[in-house]
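Chemist: Here is a sequence with its predicted model. Questions after.
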Amino acid sequence: MVPQRGCRASTSTSPTRGKHARRCGKADRRKDEFLATLAHELRNPLAPIRNAVQLLKLSAVDHPVVRTAQDIMDRQVDHMVHLIDDLLDVSRITRGKLALRRQPVELTRVVQQAVETSRPNIRQQFTVSLPSDPIHLHGDAVRLSQVLANLLNNAAKYTEPDGRIALTAALEGDEVCIRISDSGIGIDPEQLPNLFQMFSQARPALARSEGGLGIGLSLARSLVEMHGGTITAHSAGLGKGSELSVRLPVVHAPSATAHAPEPSRPDSVAMRRVLVVDDVQDSVQSLAALLRLDGNEVEMAADGIEALEKTRNFRPDLIILDLGLPRMNGYDVCRTIRQQDWGKDIFIVALTGWGQDSDRARTLAAGFNAHLVKPVGYETLRSVLASPSMT
């Protein structure tokens, strides 16, 4: 992230170096705490916005203007969430705290997920061409999809709507080369060496209105290199489009094993008794309205003590619980409920703006069954309601 002033390599004596290292370590911790708090505060207002969009989609209103407005809001919420996630991911990488969940994965699956993520942003003519034979990787499917989605979003951002974007892949020796090319505004060759640097904005100033933090390509490079691959960029110059290439090592096809079938989306979900707890009125009311549309019986609480009282009297099947609550925080609410005979089997979900690994470990230790990060899609909540653990 942004280098801390005074945190360059020290060439002075050992005591001075030790003091310098402690000062830099303290500055890094403050920076990380600030980013985590910033992410939390930005995610909180996005939650009721996403809930409101879902309410509109589930309503009887089917006017084209309304549907267009819904799609715009949905895309912009997704965009904000991706910016926040990218910012935190870069912070984790610079601290060596981002762990890959590597396993055998087919390239087709990675590309499909990336295209699904980026498709709402792509207005151009878009083509995908993959080898007919499966290509196997050993990698983190989520992170690899994130890389390709970042590159596709970048291409869409700097290509006119009547332009072209293509994603192709080809096996080259022991590597697969994935190329994302566009007919967009191109890149000055002098700026190509800096394209993957943190906060780089190598595109011309006239495109700055497109926005962005300047970290997407830097994050993509870091994730590719963590997989043992490389990423490069080529452009013949301004106005001549560009091509970004990702090379990843391939592995032999894994031995055939039985795979569990993908969970299907539930067409209907059994009615549940649900308690929603959040001190942000817009969040709790919008989520309660969504749950009621699905036929659930819903109660609401705005603080920790009220949550305990409602739980004792209402006996919900599911509690959707924020963590930062007045009077008693969500962790203590969950612990207190688990101490009661009637509270041991209640399914309790943390729904919060805190989303780092340490936050998830803390909710698990407090007795939560699941940890969801705001703003959550309603389909995710419907999956929770349909979970076998809820029966």
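Modeler: Yep, that arrived.
Chemist: Could you pull out the buried residues of stretch 153-169?
Modeler: Within stretch 153-169, the residues scored as buried using 16 or more other C-beta atoms under 10 Å are 153-159, 163-169. Every C-beta, even on glycine, is put in place using the N, C-alpha and C of the backbone.
Chemist: Kindly report the same for stretch 113-130.
Modeler: Going by neighbour count (16+ other C-beta under 10 Å), the buried part of stretch 113-130 is 113-115, 117-118, 121-122, 124, 126, 130.
Chemist: For the stretch 1-150 of the chain, just list every one of the helices.
Modeler: 14-58, 64-94, 107-118, 141-157 (DSSP state H, counting those that start in this stretch).
Chemist: my guess is residue 129 meets residue 179, correct?
Modeler: No - with contact defined as C-beta atoms under 8 Å, residue 129 does not count as touching residue 179 (9.6 Å).
Chemist: which neighbours do the two share?
Modeler: 166-169 (C-beta atoms under 8 Å, 6 or more residues apart in numbering).
Chemist: and stretch 220-237, which residues are buried?
Modeler: Buried-residue list, stretch 220-237, by 16+ other C-beta under 10 Å: 220-224, 226-227, 229, 231, 233, 235.
Chemist: Contacts only, for the residue lying closest to residue 217 once chain neighbours are set aside.
Modeler: Distances taken as C-beta to C-beta, 6 or more residues apart in numbering place residue 196 nearest to residue 217, at 5.1 Å, with adjacent residues excluded. Residues in contact with residue 196, defined by C-beta under 8 Å, 6+ apart, are 217-218, 220-221, 231, 233.
Chemist: Now render these as JSON lines, adding pLDDT, distance to residue 311 and secondary structure.
Modeler: Shown next, in JSON lines, are these (pLDDT from 0 to 100; distance: C-beta to C-beta, whole Å; DSSP: H, G, I helix; E, B strand; the rest coil):
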{"residue": "217", "pLDDT": "85", "distance to residue 311": "47", "secondary structure": "helix"}
{"residue": "218", "pLDDT": "84", "distance to residue 311": "45", "secondary structure": "helix"}
{"residue": "220", "pLDDT": "90", "distance to residue 311": "45", "secondary structure": "helix"}
{"residue": "221", "pLDDT": "91", "distance to residue 311": "48", "secondary structure": "helix"}
{"residue": "231", "pLDDT": "95", "distance to residue 311": "50", "secondary structure": "strand"}
{"residue": "233", "pLDDT": "93", "distance to residue 311": "55", "secondary structure": "strand"}
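Chemist: Those residues: which two are farthest apart?
Modeler: 218 and 233 (12.3 Å; C-beta to C-beta).
Chemist: all strands for this protein, in order.
Modeler: 103-106, 125-129, 136-139, 164-172, 175-182, 230-234, 242-249, 273-277, 297-301, 318-321, 347-352, 370-373 (DSSP state E).
Chemist: and among these, the most buried is which?
Modeler: strand 318-321 (a mean of 26; mean count of other C-beta atoms under 10 Å).
Chemist: Can you give the strand pairings for it, parallel or anti for each?
Modeler: Under the criterion DSSP bridges, strand 318-321 sits next to strand 273-277 (parallel), strand 347-352 (parallel) in its sheet.
Chemist: and it, what's its mean pLDDT?
Modeler: Average pLDDT, strand 318-321: 97.
Chemist: send the alpha carbons of that strand over as CSV?
Modeler: C-alpha atoms of strand 318-321 as CSV (Å, rounded to 0.1, in the frame of the first residue of the first chain):
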residue,chain,number,x,y,z
LEU,A,318,-32.6,-18.4,12.6
ILE,A,319,-30.9,-15.3,14.0
ILE,A,320,-29.2,-12.9,11.6
LEU,A,321,-27.0,-10.9,13.9
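Chemist: Phi, psi for residue 271 please.
Modeler: phi -60, psi 130 (degrees, to the nearest 10).
Chemist: and residue 73, what is it in contact with?
Modeler: 49, 52-53 are the contacts of residue 73 under C-beta under 8 Å, 6+ apart.
Chemist: which of those residues lies closest to residue 323?
Modeler: residue 49 (19.9 Å).
Chemist: What is the neighbour count of that closest one?
Modeler: Neighbours of residue 49 under the rule other C-beta atoms under 10 Å: 18.
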